[in-house]
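Enquirer: here is a sequence with its predicted model. Questions after.
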There are 2 protein chains.
Amino acid sequence: MNYKSGAILVLSGPSGAGKSSLLNEVINDIGECYFSISTTTRPMRQGEVEGVHYHFVDEEEFKKDIEQEQFLEYAFVHGNYYGTSLKPVKKALNDGKLVLFDIDVQGNTLVNNRLGDITTSVFISPPTLSELKKRLEARSTDEKEVIDRRVKMARKEIQRISEYDYMIINDNLAQAANTLRTIAKAARLKVPDSEINEFVQKWEDID
Amino acid sequence: MNYKSGAILVLSGPSGAGKSSLLNEVINDIGECYFSISTTTRPMRQGEVEGVHYHFVDEEEFKKDIEQEQFLEYAFVHGNYYGTSLKPVKKALNDGKLVLFDIDVQGNTLVNNRLGDITTSVFISPPTLSELKKRLEARSTDEKEVIDRRVKMARKEIQRISEYDYMIINDNLAQAANTLRTIAKAARLKVPDSEINEFVQKWEDID
């Protein structure tokens, strides 16, 4: 039997955990992926690309999807809607892809509530508080108060690591990448409840 | 950070699913393992080896372990105790091994209740009912009524596949072995709650 349907890999972790570098290390080794991006009604800005930066839709479509419960979560900010739509996720799943979510702890709960049967979750953490501060300070772009806010948020998120299937302490990039690679390969093997039920049904019917 | 503690991989599935053949295919590729075996107070028979066929203990030790809740489950049969003791499992975990359990659906529930944080469970199924019958009939040793009982039990167990983290339909041995290999490698990466709590604690204390 071949499993044709895809699966979901949730990656959470504070900024400074090194999620992007880690993902870059493994992305070519884990089969076809779809990186989940937000949907918005705000107009496309110069340089932005549909399906890369956002899925751009009009308000009518967004509202229809809200009614049909197609959003994991959404918000109305400065006159525009932003949200995580399940529609592109479901399309990618139908195409057999591994859907990657870079979301926070709340987002992980939402994904698991809706699609828990095919979801594997990983929390990526910097090794220590001082290392996190060092990494954030090394990014010259961030103001001191931005760093403080991020550190505070990181300490809050880390309290909830046990809600995840796996944790990776990103101390050594190559080692952490190996771990993520193994987890991602296994994540793809999750079988949706719908397929299990179909299989189980066959054993009930025949006699 | 290196995770020194081991983890658990539960394998369930009806006889005829091909668990043993599958395990033989992968056992050399998934690192150091400990195959959980039962503990008994019954005397060792000729040809039996301590730690291979059973852990042989006296009644005093067995009863002490019952009191100290060291058994996942136990039964008193024909004047002897039989049970799944946690003591050798914990020792193997401390040695960093992957502990393999070949147990039924009830057993999987018990393991998950006690050690769910480090447990990954896999249900291995024959592809179809007719294939299961064919496999069981091919074993010349089994009487017709034994086969019928096994088929009935298989159909009952298969109803509970969705309680497992993964399912493998053992249609093609090489393919199923690949799947099990991937799952077993990821299973080893589970971090026990105790280690997570220790890590989390460090982020709480420092300021």
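Expert: Yep, that arrived. Numbering: from 1, shown residues only, chains lettered A, B, ... in the order given.

Enquirer: for stretch A:16-33, measure first residue to last.
Expert: End-to-end distance for stretch A:16-33: 23 Å, by CA to CA, to the nearest Å.

Enquirer: please disregard the earlier target; I meant stretch A:98-118.
Expert: End residues of stretch A:98-118 are separated by 10 Å (CA to CA).

Enquirer: residues contacting it, please?
Expert: Outside stretch A:98-118, the residues within contact range by CB atoms under 8 Å, 6 or more residues apart in numbering or on different chains are A:5-12, A:19, A:23, A:30-36, A:72-73, A:84, A:86, A:89, A:92-93, A:119, A:121, A:157, A:160, A:163-164, A:184, A:187-188, A:190-193, B:162. Glycine gets a C-beta too; all of them are placed from N, C-alpha and C.

Enquirer: now go through the residues you listed and say which are in helices.
Expert: A:19, A:23, A:86, A:89, A:92-93, A:157, A:184, A:187, A:193 (DSSP state H).

Enquirer: chain B contacts on chain A?
Expert: Within chain A, the positions near chain B by CB under 8 Å from any CB of the partner chain are A:1, A:117, A:125, A:127-130, A:154-155, A:158-159, A:161-162, A:165-167, A:169, A:171, A:179, A:182-183, A:185-187, A:189-191, A:193, A:196-197, A:199-200, A:202-204, A:206.

Enquirer: narrow the residues you listed to just the buried residues.
Expert: Buried members of the residues of chain A next to chain B, counted by 16 or more other CB atoms under 10 Å in any protein chain shown: A:1, A:117, A:125, A:127, A:129, A:154-155, A:158, A:161, A:165-167, A:169, A:179, A:182-183, A:185-187, A:189-191, A:196, A:199-200, A:203.

Enquirer: check contacts around the closest residue to chain B within chain A.
Expert: When distances are taken as CB to the nearest CB, chain A reaches nearest to chain B at residue A:186, 3.5 Å away. By CB under 8 Å, 6+ apart, the contact list for residue A:186 reads A:120, B:166, B:182-183, B:185-187.

Enquirer: from residue B:31, how far off is the closest residue in space to it that isn't next to it in sequence?
Expert: Excluding its sequence neighbours, the residue lying closest to residue A:186 (CB to CB, 6 or more residues apart in numbering or on different chains) is residue B:186, at 3.5 Å. Counting by CB to CB, to the nearest Å, the gap from residue B:186 to residue B:31 is 12 Å.

Enquirer: same question for residue A:104.
Expert: Taken as CB to CB, the span from residue A:104 to residue B:31 is 33 Å.

Enquirer: sketch out the low-pLDDT regions of chain A for me.
Expert: A:1-4, A:140, A:142, A:205-207 (pLDDT under 70).

Enquirer: would you mind splitting it into its domains for me?
Expert: Domain ranges of chain A: A:1-32+A:98-202, A:34-95, per automatic domain parsing.

Enquirer: if we can go back for a sec, which of the buried ones among the residues of chain A next to chain B fall in strands?
Expert: The members of those that map onto strands under DSSP state E are A:125, A:166-167, A:169.

Enquirer: residues contacting the closest residue to residue A:34 other than its chain neighbours?
Expert: Spatially, and ignoring its direct neighbours in sequence, residue A:34 is nearest to residue A:92 (3.5 Å; CB to CB, 6+ apart). Applying CB under 8 Å, 6+ apart, we find residue A:92 in contact with A:6, A:34, A:99.

Enquirer: out of those residues, which is nearest to residue B:53?
Expert: When the contacts of residue A:92 are compared for distance to residue B:53 (CB to CB), residue A:6 wins out at 43.7 Å.
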